[in-house]
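Peer 1: mind looking at a prediction? Sequence and model below.
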Amino acid sequence: MKGNNNNKENLIKRVSKAWNYAWGGQEPNYTRLTDGTHSYNYELAGHYDFSNLFGLLGSKSYYKPKNNYKNYYIEVSYLNTIINLIAGFTSQVEIQEVDNSTKKVVENSEYVKLLNNPNKWQGKSEFIKELTINMLTQGAVVQYGNYFYNGNLKRNSSLYNLDGFNLQYPAIKNPYDFTSRDILDLEFIETLEGKRRKLKMRDINIVYDTINNSFYGGKGYASKNYLCPVSRIESVLYPLQILLNTQDSMAFLSDSPVLGVLSREHNGMQNPGASLDENQKKQIEAKLSGKAEYGTKAGGSGAIIATNESLKYLDMMPDNKKLQMVEMNNFGKEEIRGLFHVPKDIADDTSGKTRGSTYENQQFAEARFIEVVPKGITDKWLASLMCKNKEYFDSRNTKLVGSYNHMPSVIKLKEVEASKGLKDKMDALNTLLDANVKYESNFNIENWMKENGLENLL
């Protein structure tokens, strides 16, 4: 019963404290508690969202997923760095239209011209960067093309990336009842500053990063989520929240106005001591810190304060390592880096554990990374465009090809692999020639190679 009373009392105090803080946005950093102990508070949420108050009602105040996952890209610097790294490489793709029969590049391809200048607002680089960011944060890139339905490229043909957060997807109650015509007539609603625009599926191209909810439903099948993407961001919501919390904590502690507390120490009832008067308090603070008294900003915040209590020094210097801030921050970064398959040699080439990694290792890591992640994104995108405009490419017997072979790191890697392959072939051939010399038979390997057009290897 006593425990219940204490719980009620604690709840009342917490609600009162949260309400006062949420309403006024003010709370002292340092407080002397009634039991003689010290409390150093750094509440990270302010009055702007009432999170302290509502966090008491059952929600996780430290973990509130954002509705728009692209906000994490804006707010978390490390996630921004990783996604920008991928987008930067992806945007350097060289797109060509290639003949399926001759394997030759189609000169002056109208479709490639469109992709190099997709709309009046964007060039190829900006367009593909936006495409990549949308795909990696929201789980899919949704594109609108005014030429998709008929497949005929016109002078005013344009291609746009739509922000999936602004789109309302159609509900699909039973996908097996839909005909091809029904699918083309599906309506998406885009809302921009209150203005709604209806878009047909025939004019939209959706490229998923991983899968859509037609294959997965967290709470079972939901018709409104059938076409909605599954973002990989959902897998790292906790690590992202850890990064946000540690960033906020370290930012607050770095600007902390209190580094130490000096107060008169009590010794029970035998020597209760006397409180400092106001002049003594101000003199001590001025002598120790040379700044204004505690609680003011005039002339700068005092680094050391004196309370009207017994004199005892309490070190309030924050130690991020002891608080495990650095460890938690690194954990969040590792989870995010692994999610996007970015090698350490690239992510930490200027700082971190792999700083000192050789230039060759970084080049090889970059080349293999480009061939897996950026090329995977552009291949998927170009394949979707060919499906969307199937008649155009079937009539011309061509296909779109994205290449990164012009990138310096990829060129270097291919040179090394080609040299290594040639060396392995020559070693095998020398072994074969030696064996032929030692083996007495009428078969002459040299003549056989000349007859089969392999004399250049001799």
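Peer 2: Received, thanks. Please read all numbers here as calculations on a predicted model, not as lab measurements.

Peer 1: would you map out the domains in this protein?
Peer 2: Per automatic domain parsing, the domain ranges recorded for the chain read 2-51+251-315, 62-250+332-406, 409-457.

Peer 1: how close does residue 186 sit to residue 164?
Peer 2: From residue 186 across to residue 164, the span is 15 Å (C-beta to C-beta, to the nearest Å). The way it works is simple: take the backbone N, C-alpha and C, and place the C-beta from them, glycine included.

Peer 1: quick one, which of the two is more surrounded?
Peer 2: Each of residue 186 and residue 164 has its neighbours counted (other C-beta atoms under 10 Å); residue 164 has more, 24 against 17.

Peer 1: ok, and the closest non-adjacent residue to that one?
Peer 2: Using C-beta to C-beta, 6 or more residues apart in numbering and skipping the chain neighbours, the partner closest in space to residue 164 is residue 138 (4.5 Å).

Peer 1: burial measure for that neighbour, as a count.
Peer 2: Per other C-beta under 10 Å, the neighbour tally for residue 138 reads 22.

Peer 1: and for residue 107?
Peer 2: Residue 107 has 8 neighbours, counted by other C-beta under 10 Å.

Peer 1: phi, psi of it?
Peer 2: Main-chain dihedrals, residue 107, degrees, to the nearest 10: phi -80, psi 140.

Peer 1: please apply the same query to residue 156.
Peer 2: Torsion angles, degrees, to the nearest 10, at residue 156: phi -100, psi 20.

Peer 1: so it is in contact with residue 119, correct?
Peer 2: No: taking C-beta atoms under 8 Å as the definition, residue 156 is not a contact partner of residue 119, at 10.2 Å.

Peer 1: more neighbours: which of these two?
Peer 2: Higher neighbour count among residue 156 and residue 119: residue 119, with 17 against 8, using other C-beta under 10 Å.

Peer 1: where do the helices of the stretch 151-300 of the chain begin and end?
Peer 2: 180-184, 237-254, 278-289 (DSSP state H, counting those that start in this stretch).

Peer 1: and the stretch 1-150 of the chain, by the same measure?
Peer 2: So, for the stretch 1-150 of the chain - with DSSP H, counting those that start in this stretch - the helices run 2-24, 51-54, 70-75, 77-90, 110-116, 124-138.

Peer 1: among the ones you listed, show the one with the smallest mean pLDDT.
Peer 2: Lowest mean pLDDT within those: helix 51-54, a mean of 46.

Peer 1: now do the contacts for residue 399.
Peer 2: 97, 98, 100, 386, 393 (C-beta atoms under 8 Å, 6 or more residues apart in numbering).

Peer 1: check what pLDDT it gets.
Peer 2: pLDDT, residue 399: 93.

Peer 1: quick one on the thing from earlier: could you check how far the residue nearest to residue 164 is from residue 176?
Peer 2: For residue 138, the distance to residue 176 (C-beta to C-beta) stands at 27 Å.

Peer 1: same question, residue 219
Peer 2: 21 Å.

Peer 1: give me the number of residues near the residue lying closest to residue 81 once chain neighbours are set aside?
Peer 2: Leaving aside its chain neighbours, residue 81 sits nearest to residue 347 (7.9 Å; criterion: C-beta to C-beta, 6+ apart). Residues near residue 347, counting by other C-beta under 10 Å, number 22.

Peer 1: quick revisit: who touches both of residue 156 and residue 119?
Peer 2: Taking C-beta under 8 Å, 6+ apart as the contact criterion, residue 156 and residue 119 have no common neighbours.
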